[in-house]
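> coordinates for the following, if possible.
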Amino acid sequence: MSIDSILDNYDLRNITIGVLGSHSALEILDGAKDEGFKTICICQKGRELPYQKFKRLSDEILILDNFSDLVHEENQQKLRNLNTIIVPHRSFVVYLGIDNIEKKLHVPVFGNRYILKAEERQLPRNQYHLLRESNLMLPRIYESPKEINGPSIVKIQEAKRNLERAFFIVTSYDDFRKKSASRIKSGIINEVDLQTSTIEQYLIGTYFNFNYFYSPLDNDVEFLGIERRLQSNIHDFTTSIPARNQLDIEIDLQNIEVGHTPASIRESLLDKVFKMGDKFAKTCLKEYPPGIIGPFSLQSVVTVDLDIIVYDVSLRVPGNPILATTSPYTKYRYGETFGIGRRIAIEIKKSLKESTLDKLVT
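Coordinates of the predicted model:
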């Protein structure tokens, strides 16, 4: 069952925007409602309360025992009956899995479902490959823990919650061994994941998440705005406790994202920011045709030399609802402030008017 044949049977006057009830679903649903679309939120049993509380956002809530049950034919048929386009975010990728998304999900997905796997650092043609092909700066990647030379970050997921990060910072091979053993013993990570983890140079500078939107309809990369992550238990620990006292407190610090805060960047750096987005979108088109469609994020560090180094990439809706009310950059372009959810809905609405929806979905 091809996506083109599914679209042929859709009532394009009654499109529904669908999303898994996690990650950035509220932002996606809000943007869809702002543009007049019907919506459906797909929830896992026990996690539906936020989506029930914000009643304006969901015309329908589909509650499943597990998110992965979405691939069952009766659930897919329900979505197709509603003329649904699913908007992907990180939870969509984690809970459904790449194989299901690419081979078993017969519902139109906004964007390029085949580029989502490039976020996984262990795969070929991954995000590091895309950054190198784009001639963008990225951290040094250590092939072995024995190569660690100075502050480095070990990128690994939690043992029990693979959506959550269990990243930790080390300064040497001995430090890596000690901290790894401590985290394995406490059950935060496991040995198998450690063997396939990524070790990057830890970058010193100011952290920004640069959020973009590539429009196939306009053949243009838009810069939507910036946010920064609030992570537990790092931020308030390092900012509220003096350094000499931090050394006396033995806890395992983790990069678990718990929120967002807005940011802007000095105007003289915008030229670099714009060119980064253009280069990256061009590379994605070459490496994963039809390329990036819609939102992407280059999570970066600005150094004291004003170099911008990209340490992580989001190839779908990033988690940044704060943009919807704080981005001056959409105001500069459109005359009003809005976020990624609404920008997606605007693009879909335009494609329906121009009969070009097939350019936006896979």
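> bridge partners for residue 200, pull those for me.
Bridge pairing for residue 200 (DSSP bridges) gives the partners residue 141, residue 153.
> that one: what's it in contact with?
139, 140, 141, 142, 152, 153, 155, 311 (CB atoms under 8 Å, 6 or more residues apart in numbering). For every residue, glycine as well, the C-beta is placed using N, CA and C.
> what about the nearest residue to residue 146 once chain neighbours are set aside, how many neighbours?
The shortest distance from residue 146 to any non-neighbouring residue, by CB to CB, 6 or more residues apart in numbering, is to residue 173 (5.1 Å). Per other CB atoms under 10 Å, the neighbour tally for residue 173 reads 16.
> and for residue 78?
When neighbours are counted by other CB under 10 Å, residue 78 comes out with 18.
> ok, it touching residue 62?
Yes: in this structure, residue 78 is within contact of residue 62 by CB atoms under 8 Å, at 6.8 Å.
> before we move on, the earlier item: thought the residue nearest to residue 146 was touching residue 145?
Yes: with contact defined as CB under 8 Å, residue 173 counts as touching residue 145 (5.4 Å).
> and residue 324, what pLDDT?
The confidence metric pLDDT takes the value 89 at residue 324.
> so which helix or strand takes in it?
For residue 324, the host element (DSSP states H and E) is helix 323-326.
> name the next helix or strand downstream of that helix, please.
helix 328-334.
> starting at the chain centroid, how far to that next one?
Averaging C-alpha coordinates over helix 328-334 and over its chain gives two centres that are 22 Å apart (CA atoms, centre = their mean, to the nearest Å).
> pLDDT on the helix or strand just after that helix, on average?
For helix 328-334, the following helix or strand on the C-terminal side (DSSP H and E) is helix 340-354. Helix 340-354 comes out with an average pLDDT of 98.
> mind giving me the packing neighbours of helix 340-354?
Packed against helix 340-354 by the contact rule (3 or more CB pairs under 8 Å, 6 or more residues apart in numbering; DSSP states H and E) you find strand 16-20, helix 25-34, strand 206-215, strand 220-232, strand 294-302, helix 323-326.
> go through the ones you listed and name the closest to residue 112.
Of all those, it is strand 294-302 that lies closest to residue 112, at 8.6 Å by CB to CB.
> which residues touch the helix or strand following the closest one?
Downstream of strand 294-302, the next assigned helix or strand under DSSP H and E is strand 308-314. The contact list for strand 308-314, computed with CB under 8 Å, 6+ apart, reads 90, 118-119, 127, 130-131, 136-139, 200, 203, 205, 269, 272-273, 276, 280, 295-303.
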